[in-house]
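A.B. asks: Return a 3D structure for these sequence lines:
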Amino acid sequence: MARFLDPPASRPLLPKDKIDKVYRSMRLRVFMGAFLGYAAYYLVRKNLSLAAPGMIEDGLVDKAGVGIAMSAVSIAYAFSKFIMGSVSDRSDARKFLVVGLVLSAITMMAVGFIPFGVNQAVNVAIIFVLMLVIGWLSGMGWPPCGRVMAYWFSQNERSFKMSIWNTSHTFGGGSLGLLVSLGIVIFAGIGIEQTWRAAFIVPSAVALVIAVFCWWAIRDTPQSCGLPSINDYRNDYSGVKSGEKTVEKVPFRTLFVDYVFKNKLLWVIAFANAFVYMVRYGVGDWAPLYLQEMDIMTPEQSNLAFALHNYAGIPGTIICGWISSRFFKGRCTPPNVIFMGLVLLGTLIYWQAGNIAGFFAGAASPEAVASFTRGLIYFALILVGFCIYGPVALIGIQALNLVPKNAAGTAAGFVGLFGYLFGDALLSKMLMGTVAESAGWHVTFMMLAIASVAALLLCAVTWNSEKKLA
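C.D. replies: Coordinates of the predicted model:
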């Protein structure tokens, strides 16, 4: 298997008159492969969030159990992204991404066919184990994409291009909500009572189709296609470290100790990433269950809210990257601080939507107040979605900019470890699920507000250091 994943050797350079045409064509093709490939990973990752209301209604699990089961994805993904990041730095990006995606889709589809029993503890244990597998396989998505972006796009264009690419996960997450709604309609139409199973089966089938496209589209490096390095092609050597102009394997100890562990600024953005991820998943993943359990929205409305929340991240991420490139010369800290301030505002509106609607609606009918509340929640979820994914993208870009290209996967994995293990698994899944079950939803919203402030302050700490590095 290790030999199968080895990166392809460099090929002799193409004739000079063909290089520009082939390079432009391949950059678009590789970009689309990385974009749709990573989007497909999100079709087979957050499915439990949308299936949970139906599973709880059928008595198969409870909120605490759902939180524990969902945390398995994040726990496994946190370590997998870090370890697989190092493996991907020495692997063919095309094979690495496609193998992980196919295995993820097959595993997630299998969850939809399991005949769960009445014992909730057993059900949670089964789902937890399968979600661990999904989480580990999900770690094969980001690192090869980071490798592709590092080798096919030079540093002075990378923040904007990667911001566009980074909308892939919001596109995938939003599409998941729509595919699940479509699947539920199909399952209900053919007489399947447990329509929540569509959340696992339908998106997985679509992911398998995308995997075929990715195999055709993605190539590991320009050199493997008979093209010069991106730095030579664009005559852009900004950010190139000594000895980095050739593709070479670097021992894991050097990658981790010299380029990551001793990098103080990387530690700061790793902690910031933990709180950003707590808000990202604390808001998004629990929205369908919260909105349905509190009788604020129907399943169809909550799925739409989930989709809009994710889709809003597409323009938000692009605009955040554009602000970084246009006004701050590629620096990531200023837009991170601005956008996290807006995330805090959106979180507070989401939390207090009922009270805000009651205050402004006055003596209006209960139906009018409920409608106004839903409108505010749609707005708040769109605002949070619009703003949260910019910092998610730029923190990842900061990690890439702080290390040589051949350590890109390791640095991304290190920062992702904090985001997914601490921010997602421990805080947004286990802690929030337990708190929601025992203390209620209002306490969880208070936690999200505090996390937004912490993320903002930690991002601000890097302001002067990043400016000096630039």
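A.B. asks: how deep is residue 453 tucked in, by neighbour count?
C.D. replies: 14 (other C-beta atoms under 10 Å). (Glycine included, C-beta is placed from N, CA and C.)
A.B. asks: which regions of the protein lie under the pLDDT threshold?
C.D. replies: Residues of the chain meeting the criterion pLDDT under 70: 1-2, 159, 236-256, 258-259, 363, 401, 404-409, 468-470.
A.B. asks: ok, now with 50
C.D. replies: By pLDDT under 50, the low-scoring segments of the chain are 242-247.
A.B. asks: Quick check: which element contains the residue most central in space within it?
C.D. replies: Closest to where the C-alpha atoms of the chain average out (C-alpha atoms, centre = their mean) is residue 169, at 5.1 Å. Here residue 169, judged by DSSP states H and E, is contained in helix 168-189.
A.B. asks: buried sites along that helix?
C.D. replies: Going by neighbour count (16 or more other C-beta atoms under 10 Å), the buried part of helix 168-189 is 168-181, 183-184, 187.
A.B. asks: so what's the residue nearest to the centre of the chain up against?
C.D. replies: 38, 39, 41, 42, 313, 389 (C-beta atoms under 8 Å, 6 or more residues apart in numbering).
A.B. asks: how near is the fifth one to residue 168?
C.D. replies: In other words, residue 313. Distance of residue 313 to residue 168, computed by C-beta to C-beta, to the nearest Å: 10 Å.
A.B. asks: The fourth one too?
C.D. replies: Distance, residue 42 to residue 168, using C-beta to C-beta: 8 Å.
A.B. asks: related to what we said a few turns ago, tell me how far the residue nearest to the centre of the chain lies from residue 356.
C.D. replies: 30 Å.
A.B. asks: can you check residue 374 too?
C.D. replies: Residue 374 is 12 Å from residue 356, by C-beta to C-beta.
A.B. asks: thinking again about what came up before, identify those among the contacts of residue 169 that sit within strands.
C.D. replies: Among the contacts of residue 169, no member falls in strands (DSSP state E).
A.B. asks: for the nearest residue to residue 390 once chain neighbours are set aside, what are its contacts?
C.D. replies: Nearest residue to residue 390, sequence neighbours excluded (C-beta to C-beta, 6 or more residues apart in numbering): residue 320, at 2.7 Å. Shown in contact with residue 320 (C-beta under 8 Å, 6+ apart): 163, 335, 339, 387, 389, 390, 391, 393, 394.
A.B. asks: And residue 294, by the same measure?
C.D. replies: residue 441.
A.B. asks: quick revisit: element containing the residue nearest to residue 390, please.
C.D. replies: Residue 320 is part of helix 313-328 when elements are defined by DSSP H and E.
A.B. asks: mind listing what's buried in that helix?
C.D. replies: Buried, per 16+ other C-beta under 10 Å, within helix 313-328: 313-314, 316-325, 328.
A.B. asks: what angle do it and helix 168-189 make?
C.D. replies: Relative orientation of helix 313-328 versus helix 168-189 (axes from the mean of the first three to the mean of the last three C-alpha atoms, to 10 degrees): 170 degrees.
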